[in-house]
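Undergrad: Give me coordinates for this.
(one chain, ligands or ions: 2)
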Amino acid sequence: MMPRQDLLDLSFPELEELLTSWGELAFRARQVWEWTWRHLACGFADMTNLPCALRDRLAETYRLGILTPAARQGDPEEGTEKVLFAFPDGVAVEAVLMREDGRRTVCVSTQVGCPIGCAFCATGAMGYRRDLSAGEIAGQVLHFARELRARGEQVTHVVVMGMGEPLLNYEATVKAIRNLNDRRGFGLGARRITVSTAGVVPGILRLSEEALQLNLAVSLHAPDDALRAELVPLAMRWPLADVLAAADAYARATGRRVTYEYVLLAGVNDGLDQARALARLLRGRLAHVNLIPFNPAPGLPFTRPDEAHVDAFRRELLRHGVDATVRRSRGVRILAGCGQLCSQRRPG
Ligand code: SAH
Ligand code: SF4
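TA: Numbers count the residues shown, from 1 in each chain. Ligands and ions are numbered 1, 2, ... in the order given. This next block holds a predicted model:
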C-alpha cells in the first residue's frame with residue numbers, strides 16, 4: 001500500500017484544488033485548513049463540521065503529519081526544551097523551544113544533517129542524509145504549538161536555525177513558512193520568522209523576490225574568503241562579495257535589516273584586526289552583527305573565547321560603525337544551542 005500523503009505538505013491552493021477535484025464545495029478547503037492550521041486538530045475525526053464521507057476520504061488518502069517526540073530533554077531553569085522527531089524512514093531531527101519573557105520561539109530543522117559541513121557545527125559533522133518536506137518542517141512548529149496551547153500559550157516566533165541549510169531545501173522551507181504565515185490558519189507574521197543561511201546566494205536572491213517580510217540572517221564567520229573557505233567549506237562556491245551583494249538585494253527588496261551571524265572561535269576568527277576587517281566589510285550597509293560565542297559539542301576542535309574578549313570584539317565593531325549584539329547562549333546544557341543539534345547522539 002502506498003504510504004498516505006501528509007496533508008501538511010499542501011498549500012492552501014493545493015488543498016482547494018484537491019477538494020474541488022473530489023467534487024466538494026468551495027468552502028470545505030477553508031474548513032479543513034482551519035482545523036489543521038488554526039485549531040491544530042489531531043486527526044480527521046476532530047473535524048466535526050465536515051461530512052463523514054469527506055472525513056473518511058481524507059483519512060483514506062492523507063495523514064495529518066503529527067510529529068511525536070521520540071525523546072525529549074529540558075532545562076527547566078532556562079525553560080528550554082529539545083525534542084527528537086524520528087521519521088518512518090529511520091532518520092531523525094531535533095527542534096528546540098525557547099522561552100524568554102513573553103516570547104516562545106521554536107527553532108526548526110530543514111534537513112537531516114547538512115551538506116555545507118561547517119568545521120564548528122555538530123550538524124555539519126554528521127553529514128547530509130535528506131531534505132525534510134514542508135510538512136515535516138511545519139510539523140515541528142505545530143508540535144510545540146499544541147503543547148503550549150494546553151498551557152494557554154502560543155508560539156510567538158520561529159527561527160529556521162536548526163539542522164540543515166534552509167536555502168538548499170528552498171521549496172519545502174518556503175512552503176512551510178507560507179503555510180505557517182497564512183492568516184486563514186496559523187497566522188504567524190513573517191516578521192516573527194527568521195531564516196538563517198550559510199550564504200547560499202541563489203537562494204537569497206530568490207527569497208528577496210518572494211514578497212515575504214522575513215528576517216534574513218546570513219552566517220559570515222570570517223571577514224575574508226580564505227578563512228571562510230576553511231570554516232564554511234561548501235559556501236566557498238559563493239564568495240563574500242556575492243553573498244553581501246545578495247543580502248543587499250534582500251534588504252532593498254524588503255526594507256528589512258539583515259543580520260550577519262559570526263561564530264566566535266578563540267584564536268581563529270576573534271582577533272580585533274578581524275573585527276576591524278569585518279566592520280570595513282559591513283559599514284554603510286543596512287546590517288547588524290550577531291556574535292555567537294562558540295558552543296562546544298563532542299568532537300569539535302574549537303574553544304569559546306572568554307566573555308571579556310567577546311565584549312572587546314563587539315566594542316571594536318561598534319567603534320567602527322557597525323551595530324553588534326552577542327547572542328545569549330540558550331540550551332547549551334542540553335546540547336540544544338546553535339550548532340549543537342545532531343540526531344545521531346541520543347539525547348538524555
Ligand atoms: N545552516 C544555517 C542555519 C543553521 S545553523 C546557517 O548556517 O546559517 C544556525 C547558526 O548557528 C549559524 O549561524 C551557525 O553558524 C551557528 N553555529 C553552528 N555551529 C555552532 C557552534 N558550535 N556554536 C555556535 N554557533 C554555531
Ligand atoms: Fe550546515 Fe549551518 Fe551547521 Fe554550517 S552551521 S553545517 S550550514 S547547519
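Undergrad: Let me see the domain layout of the protein.
TA: Domain ranges of the chain: 5-63, 69-334, per automatic domain parsing.
Undergrad: how much space between Ala279 and Leu67?
TA: 42 Å (Cβ to Cβ, to the nearest Å). For every residue, glycine as well, the C-beta is placed using N, CA and C.
Undergrad: Which one's more surrounded, the two?
TA: Leu67 (22 against 19; other Cβ atoms under 10 Å).
Undergrad: Now that one: phi and psi?
TA: Torsion angles at Leu67 (phi, psi; degrees, to the nearest 10) stand at phi -100, psi 130.
Undergrad: One more: Leu18?
TA: Dihedral angles of Leu18 (phi, psi; degrees, to the nearest 10) stand at phi -60, psi -50.
Undergrad: give the contact list for it.
TA: By Cβ atoms under 8 Å, 6 or more residues apart in numbering, Leu18 lies in contact with 10, 29.
Undergrad: what pLDDT does it get?
TA: With respect to pLDDT, Leu18 has a value of 97.
Undergrad: where's it relative to Asp46, distance?
TA: Leu18 is 19 Å from Asp46, by Cβ to Cβ.
Undergrad: cool, Val201 as well?
TA: Val201 is 44 Å from Asp46, where distance means Cβ to Cβ.
Undergrad: Tell me which of these two has more neighbours.
TA: Set Val201 next to Asp46 and count neighbours by other Cβ under 10 Å: Val201 wins out with 20 against 14.
Undergrad: give the contact list for the more buried one.
TA: Counting by Cβ under 8 Å, 6+ apart, Val201 touches 238, 242-243, 246.
Undergrad: wait, what's in contact with the residue in the stretch 101-250 of the chain that ligand 2 sits nearest to?
TA: Going by Cβ to the nearest ligand atom, ligand 2 is nearest to Gly124 of the stretch 101-250 of the chain, at 2.7 Å. By Cβ under 8 Å, 6+ apart, Gly124 lies in contact with 113-114, 116-118.
Undergrad: Quick check: which ranges of the protein have low pLDDT?
TA: Within the chain, the segments meeting pLDDT under 70 span 1-3, 345-348.
Undergrad: got the residues of it near ligand 1?
TA: Residues of the chain lying close to ligand 1 by Cβ under 6 Å from any ligand atom are 118, 120-121, 161, 165, 196-198, 219, 261, 263, 292, 294-295, 297, 338-339.
Undergrad: Show me the residues you listed that map onto strands.
TA: 196-197, 219, 261, 263, 292 (DSSP state E).
Undergrad: Leaving out chain neighbours, which residue sits closest to whatever residue of the stretch 1-150 of the chain ends up closest to ligand 1?
TA: Of all residues in the stretch 1-150 of the chain, Cys121 sits closest to ligand 1, at 3.5 Å by Cβ to the nearest ligand atom. Leaving aside its chain neighbours, Cys121 sits nearest to Gly339 (4.3 Å; criterion: Cβ to Cβ, 6 or more residues apart in numbering).
Undergrad: Grab the longest strand from the chain for me.
TA: Max-length strand for the chain by DSSP E is strand 92-100.
Undergrad: Mind giving me the packing neighbours of it?
TA: If contacts are counted by 3 or more Cβ pairs under 8 Å, 6 or more residues apart in numbering; DSSP states H and E, strand 92-100 sits against strand 80-86, strand 103-107, strand 111-113, helix 134-149.
Undergrad: cutoff 7 Å now
TA: On a contact count with 3 or more Cβ pairs under 7 Å, 6 or more residues apart in numbering; DSSP states H and E, strand 92-100 meets strand 80-86, strand 103-107.
Undergrad: Buried residues, the last one. List them.
TA: For strand 103-107, the neighbour count (16 or more other Cβ atoms under 10 Å) marks 104-107 as buried.
Undergrad: Just give me the closest of these to Arg63.
TA: Set against Arg63, the nearest of these by Cβ to Cβ is Val106 (21.7 Å).
Undergrad: List the contacts of that closest one.
TA: The contact partners of Val106, by Cβ atoms under 7 Å, 6 or more residues apart in numbering, come to 95, 97, 140-141, 144, 155, 158.
Undergrad: Could you rerun that using 10 Å?
TA: Residues near Val106 by Cβ atoms under 10 Å, 6 or more residues apart in numbering: 81, 95-98, 140-145, 148, 155-160, 162, 180, 188.
Undergrad: Out of the contacts of Gly124, grab the one that's most surrounded.
TA: Within the contacts of Gly124, most neighbours by other Cβ under 10 Å means Cys114, with 27 neighbours.
Undergrad: was I right about it contacting Leu132?
TA: No - look at Cys114 against Leu132 with Cβ atoms under 10 Å: they stay out of range, at 11.7 Å.
Undergrad: quick one: the nearest residue to Pro296 once chain neighbours are set aside from Thr254, how far?
TA: The shortest distance from Pro296 to any non-neighbouring residue, by Cβ to Cβ, 6+ apart, is to Arg304 (6.7 Å). According to Cβ to Cβ, Arg304 stands 33 Å off from Thr254.
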